[in-house]
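J.: Structure for the following, please:
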Amino acid sequence: MTIPDTAARASLGALLACLHRETDLVTAEGDTAVLGALRVDRAVSRCGPGPVGECRFGTGTISADQALRICIQAIRDRWPGQADLLADRIEHSRLRMGTILAVRAGKLPSADFIGAEQATWFGHWIHPCPKALTGMTDAEERAMTPDWQGRVRLHALSVDAAIFRATDTAAIRQLPGFDIDPGAGRALLPAHPLTWDRLRASELARHIRDLGPVGPEWVATSSVRTLWHPDSPWQVKVSLPVTITNSQRINKRHELLTGPLMARMVEALPAFGPMRIVTDPHWATLQGDGPESGFEVILRRNPWSGGAVMQVAGLCAAPLPGQESLLARMVAGHDPRDWFAAYLDCAVAPLLRLYDRTGIAFEAHQQNALLDLTQGLPMRCDYRDNQGFYVVRDMATPEMRAIPQLTYARPEAEDALSYTLIVNQVFGVIHRMAADRLLCEDDALRMLARHLSDLADTLPGHGARLIRRWLRDDHLPAKGNLLTQLGGVDELLIPGERAPQVRVPNPLPAFAPRKALVDVA
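T.: The predicted structure follows:
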C-alpha cells in the first residue's frame, strides 16, 4: 500500500465514522458502510470503526481517494455553501497526513514520553479532518510541530511592567535561559517564536524589547502549543494563532484564572488512587484592549523527565505501515488481561472516585491521559490540561462559580466525563488492543463492566449513579466533530464551550453483571 493510499484510507475511515455517527448520510449494512451507490467494507467493532477495506461504486471497484471525494461531494450536496470550508479542510487534512507519513513512515517512534507525543500521525480517528492545521507556513510547521518532531527556542521579551500581568515572576525565571535582567521597570515574558512573529506588528509591540531566543530547544508536544524540556520545572503552554481540529489554540482568560484556582483545590485533595492531576498554577500575559492579547503563557508543572510515561493517544494510534503500535510494544511480555486491569485501576477508578467525592469531572480524553509504564504494567495515570475541568455547579465553591466556564449543570458535566473517559479513552484502548490481537473486544468489555460494577458498590454518591447508567443505557454521549465543523464555529467560542453532542450505541449493558442490572432496574 502506498503512502498516499494509506492517508486516503485513514481520512476516509475517519470521515465515514463521523457521517455514520452524526448524520443519516451513511448507514451500515453489516461490515459495509453505505452512502448512495458507494459501499466501503470495514470491520466495525463495538468500540470504534475498523480500517477501510475494498471500496465500490455501483458495480466497480474504486480507490479510497475516489471514495473520499464521493463523500466530500455528498456533504457539499447536503449542505450547499455551508460545507465548503469543511470540504477544504478534509482535503487539506488528507494531503498533510500524506506528507507527514512520507517522512515518518520509515522511522520507528521511540517508546517513551516524546515518542508518544509525536505519534499521532493519523490524528483523531473520528474527526472529519483529523490532521487539519492552519495558521503556519510549511516551513514553520516542519520546525515547530510534533508531527515533524519539531523543537523551538523561546524568545525572551522585555516588556513594560505597566502592562504585564502574572501570578509569579519568579516562576518565569525558573525556565532554562530566563535568569536574565529585563531592565528597570520592565518584566520578562516568554514567547513562542510563532506567537512573537505574528504579534510583533501589534499595538502592544511598542512596549516590548525582543531579547532574542534564549535557553535550550523545547520539544513540541502533541497539542503543538505546549512545550516540554526535561530540565525545566515547568512546561510552557502558549497562545498560538493556529487552528487545529475544532479550535484556534489561544489561551482564554478564563483558562488563566482556572489554573491557579484548580491547582490549589487539587493539591489539597486526598489521593483517590494511582492518579495524578498535573496542574497549571501560573500564568503571564500582557494587558491589551480585550480579554486576550495573544501573549498568554501558562506554566504547567513538569513531573516528567522523559522515560516511559506515555499519552494514551500515542499508544492507541494506528501503527505506521510495517510497524507495531506503541501499545503493542508496551504490552509485549505481559499478560494483556493483567495490563488492561492495571490500566482500569489507574485511569478509570480514581477519576470516578474524584467525581463522586468532589463533583469535579475531568475531560479525560486520550490526549489528556498519560500512563506511567516504567514498570511495564500501568502504575499511575497522569491527567493534564486545565481546560478540561467540569465542576458540578451545586458542589462548586463560590470562587469556582465566579468562573462561568468552569462550572456546569450535573448532566453536562456527566456527559463530558462519559464521552471523554469511556467513549474516547477506554473504548479507544479496547479497540487498539483488539486490533493488535492482544485482547478480544468482548473480553475487554466484560472486564470493564465488572470493574465499573465493583467500583459502583464502593461509591456513596453520584459516581455510582453515573456508572449504573453506563451499565444500563442503550446510548452514550459523544462529541459531534463533523457538526462542529459544519457550523464553522470555533469550539471554544460556543457558549459554554460545548460542541454539538450526539448519542452512540453503548455496548456495556450486554456485558454488565446481573447484579448491576438489578441495581439500576
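J.: Might you list the low-confidence residue ranges for this structure?
T.: Applying pLDDT under 70 to the chain flags the ranges 488-499, 515-521.
J.: tell me the domain ranges of it?
T.: 3-108, 147-301, 309-520 (automatic domain parsing).
J.: To residue 115, which of the ones you listed lies closest?
T.: Across these, residue 115 has its closest neighbour in domain 309-520 (6.8 Å, Cβ to Cβ). All C-beta spots, glycine's among them, are computed from the backbone N, C-alpha and C.
J.: hey, where'd the helices end up in the stretch 51-200 of the chain?
T.: In order along the chain, the stretch 51-200 of the chain carries the following helices (DSSP state H, counting those that start in this stretch): 64-78, 84-104, 113-117, 138-144, 169-173, 193-199.
J.: ditto for the stretch 301-450 of the chain
T.: Along the stretch 301-450 of the chain, the stretches classed as helices by DSSP H, counting those that start in this stretch are 312-316, 326-331, 336-347, 349-358, 398-401, 410-417, 427-435, 441-456.
J.: would you turn these into a markdown table with distance to residue 206 and mean neighbour count?
T.: Shown next, in a markdown table, are these (distance: least, Cβ to Cβ, whole Å; neighbours: other Cβ atoms under 10 Å):
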| stretch | distance to residue 206 | mean neighbour count |
| --- | --- | --- |
| helix 312-316 | 41 | 27 |
| helix 326-331 | 47 | 22 |
| helix 336-347 | 48 | 20 |
| helix 349-358 | 46 | 22 |
| helix 398-401 | 36 | 13 |
| helix 410-417 | 42 | 20 |
| helix 427-435 | 48 | 24 |
| helix 441-456 | 57 | 20 |
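J.: For residue 106, find the nearest of the ones you listed.
T.: Set against residue 106 and scored by Cβ to Cβ, these come closest in helix 326-331, at 16.5 Å.
J.: Take the closest one, keep the C-alpha atoms, and write them as PDB.
T.: Output in PDB follows, covering the C-alpha atoms of helix 326-331 (Å, rounded to 0.1, in the frame of the first residue of the first chain):
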ATOM      1  CA  LEU A 326       3.200   1.700  20.600                       C
ATOM      2  CA  LEU A 327       0.600   0.000  22.700                       C
ATOM      3  CA  ALA A 328       1.500  -3.500  21.300                       C
ATOM      4  CA  ARG A 329       5.200  -2.700  22.000                       C
ATOM      5  CA  MET A 330       4.500  -1.700  25.600                       C
ATOM      6  CA  VAL A 331       2.200  -4.700  26.300                       C
END
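J.: Residues contacting it, please?
T.: By Cβ atoms under 8 Å, 6 or more residues apart in numbering, the residues outside helix 326-331 that reach it are 109, 111, 115-116, 119, 308, 310, 314-317, 319, 339, 373, 376, 429, 432-433, 436, 438.
J.: Check stretch 170-179 too.
T.: Stretch 170-179 is contacted from outside by 154, 156, 166, 188-190, 214-216, 229, 231-234, 236, 282, 284, 299, using Cβ under 8 Å, 6+ apart.
J.: Which of the residues in that stretch are classified as buried?
T.: 171-172, 175-176, 178 (16 or more other Cβ atoms under 10 Å).
J.: Residue 270 and residue 297: what is the separation?
T.: Per Cβ to Cβ, to the nearest Å, residue 270 is found 31 Å from residue 297.
J.: the more surrounded of these two?
T.: For residue 270 versus residue 297, neighbours defined as other Cβ atoms under 10 Å are more numerous around residue 297 (25 against 7).
J.: Setting aside sequence neighbours, what's the nearest residue to the more buried one?
T.: residue 284 (5.0 Å; Cβ to Cβ, 6 or more residues apart in numbering).
J.: And residue 384, by the same measure?
T.: Excluding the flanking residues, the one nearest residue 384 by Cβ to Cβ, 6+ apart is residue 278, at 4.4 Å.
J.: is it true that residue 381 touches residue 366?
T.: No: between residue 381 and residue 366 there is no contact under Cβ atoms under 8 Å: 11.6 Å.
J.: Which residue of the two possesses the greater neighbour count?
T.: A direct count of neighbours by other Cβ under 10 Å for residue 381 and residue 366 places residue 381 higher, at 28 against 24.
J.: Can you name the residues bridging to the more buried one?
T.: Beta-bridge partners recorded for residue 381 (DSSP bridges): residue 275, residue 371.
J.: mind listing what residue 441 touches?
T.: By Cβ under 8 Å, 6+ apart, the contact set of residue 441 is 45-47, 430-431, 434.
J.: err, residue 291, not the other one
T.: 252-253.
J.: can you rerun that using 10 Å?
T.: Neighbouring residues of residue 291 by Cβ atoms under 10 Å, 6 or more residues apart in numbering: 252-254, 256.
J.: Would you mind putting the CA coordinates of the longest strand along the chain into PDB?
T.: Once the chain is assigned using DSSP state E, the strand that runs over the most residues is strand 49-57. The C-alpha coordinates for strand 49-57 follow below in PDB (Å, rounded to 0.1, in the frame of the first residue of the first chain):
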ATOM      1  CA  PRO A  49     -14.500   1.800  13.400                       C
ATOM      2  CA  GLY A  50     -12.100  -0.600  11.800                       C
ATOM      3  CA  PRO A  51      -9.700   0.000   8.900                       C
ATOM      4  CA  VAL A  52     -11.100   0.700   5.500                       C
ATOM      5  CA  GLY A  53     -11.200  -2.300   3.100                       C
ATOM      6  CA  GLU A  54     -12.500  -2.500  -0.500                       C
ATOM      7  CA  CYS A  55     -14.400   0.500  -1.900                       C
ATOM      8  CA  ARG A  56     -17.000   0.000  -4.600                       C
ATOM      9  CA  PHE A  57     -19.200   2.500  -6.500                       C
END
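J.: orientation of it relative to helix 64-78 in degrees?
T.: Interaxial angle of strand 49-57 relative to helix 64-78 (axes from the mean of the first three to the mean of the last three Cα atoms, to 10 degrees): 80 degrees.
J.: separation between the residue lying closest to residue 257 once chain neighbours are set aside and residue 263?
T.: Among residues not flanking residue 257 along the chain, residue 403 sits closest, at 5.5 Å (Cβ to Cβ, 6+ apart). Per Cβ to Cβ, residue 403 is found 14 Å from residue 263.
J.: closest one to residue 126 among the helices of the stretch 301-450 of the chain?
T.: Nearest to residue 126 among the helices of the stretch 301-450 of the chain is helix 427-435 (9.4 Å), distances taken as Cβ to Cβ.
J.: So which other helices or strands are in contact with the closest one?
T.: strand 49-57, helix 312-316, helix 326-331, helix 336-347, strand 369-372, helix 441-456 (3 or more Cβ pairs under 10 Å, 6 or more residues apart in numbering; DSSP states H and E).
J.: quick one: contacts for the residue nearest to the spatial centre of the chain?
T.: By Cα atoms, centre = their mean, the chain has its centre lying nearest to residue 367, at 3.6 Å. Neighbouring residues of residue 367 by Cβ under 10 Å, 6+ apart: 117, 120, 124, 221-223, 311-314, 384-385, 388, 420, 424-425.
J.: out of the residues you listed, which is most surrounded?
T.: Counting neighbours by other Cβ under 10 Å, residue 312 comes out on top of these with 28 neighbours.
J.: That residue reaches residue 348, doesn't it?
T.: No: with contact defined as Cβ atoms under 10 Å, residue 312 does not reach residue 348; the gap is 11.7 Å.
J.: Would you give the sheet partners of the helix or strand harbouring the residue nearest to residue 297, along with the direction of each?
T.: Using DSSP states H and E, residue 284 sits in strand 282-286. Partners of strand 282-286 in the sheet, by DSSP bridges, are strand 164-166 (antiparallel), strand 297-301 (antiparallel).
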